[in-house]
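Engineer: Here you go, sequence then predicted model.
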Amino acid sequence: MKEVAFADLATLVGQETGVSDWLEVTQERVNQFAEATGDHQWIHVDVERATREIGGPIAHGYLTLSLIPFLSAGLLRVTGVTRGINYGSDKVRFTNMVRVGKKVRLRQKLLAVEPKSGGLQMKNECTIEIEGEARPACVAETISVIYGG
C-alpha cells in the first residue's frame, strides 16, 4: 500500500497509486446486486438461459462500477484524514462485459488534487481490468473529497 500525508497528496498527481488484488465475480454477488437494485434482467440472473443464449451470465455494469471502493481500499493510505466522501464520477464507460466466474482488479491513477470546501478534492482514473482480457470492463473518473484534521 502506498502512503502519503494529507498535505503531500498533490505530489502523487499523474502517478499510478496502485493495483488491487484480483476478485472473482460470482453468481452469488450478481444475484445479491440484482436483489439490492431490482435489476433482474435474465442476462445477469438466469444462468441456464444466459448460458444457452450468450455463453453465460454477465455482471451488471453498475455492479462492476460499485466494486471500485472495495478494490481501492488497500491501494493508497492518506495519513491525517478525518473523513472522506464520494463526490461523483466523470466519464464512466463500460468497455467490456464481465462474465460470471471471471476475476477483476482495479488499476488506479491520481489525476488531480484541488482544494474544495475545506478539504481536498481528488480525481482518480479507475480502470477495472478483467483477468486474461486486453480490454478493461470499466474506465471511470471518480471524485472524492477528503478532510484533514
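Structural biologist: Yep, it's here. Numbers count the residues shown, from 1 in each chain.
Engineer: On the C-terminal side of the helix ranked longest in the chain, identify the next helix or strand.
Structural biologist: Of all segments of type helix in the chain, defined using DSSP state H, the longest is helix 27-37. Moving toward the C-terminus from helix 27-37, the first helix or strand encountered (DSSP states H and E) is helix 42-45.
Engineer: Show me what secondary structure element comes after that next one.
Structural biologist: Secondary structure here is assigned by DSSP H and E; on that basis, the next helix or strand after helix 42-45 toward the C-terminus is helix 47-54.
Engineer: related to what we said a few turns ago, list the contacts of the longest helix of the chain.
Structural biologist: Under the contact criterion CB atoms under 8 Å, 6 or more residues apart in numbering, helix 27-37 has outside partners 39-40, 44-45, 47, 57, 59-60, 62-63, 66, 100-101. (C-beta placed from N, C-alpha, C; glycine too.)
Engineer: what's the angle between that helix and helix 47-54?
Structural biologist: 100 degrees (axes from the mean of the first three to the mean of the last three CA atoms, to 10 degrees).
Engineer: Helix 27-37: which residues count as buried?
Structural biologist: For helix 27-37, the neighbour count (16 or more other CB atoms under 10 Å) marks 27, 29, 30, 31, 33, 34 as buried.
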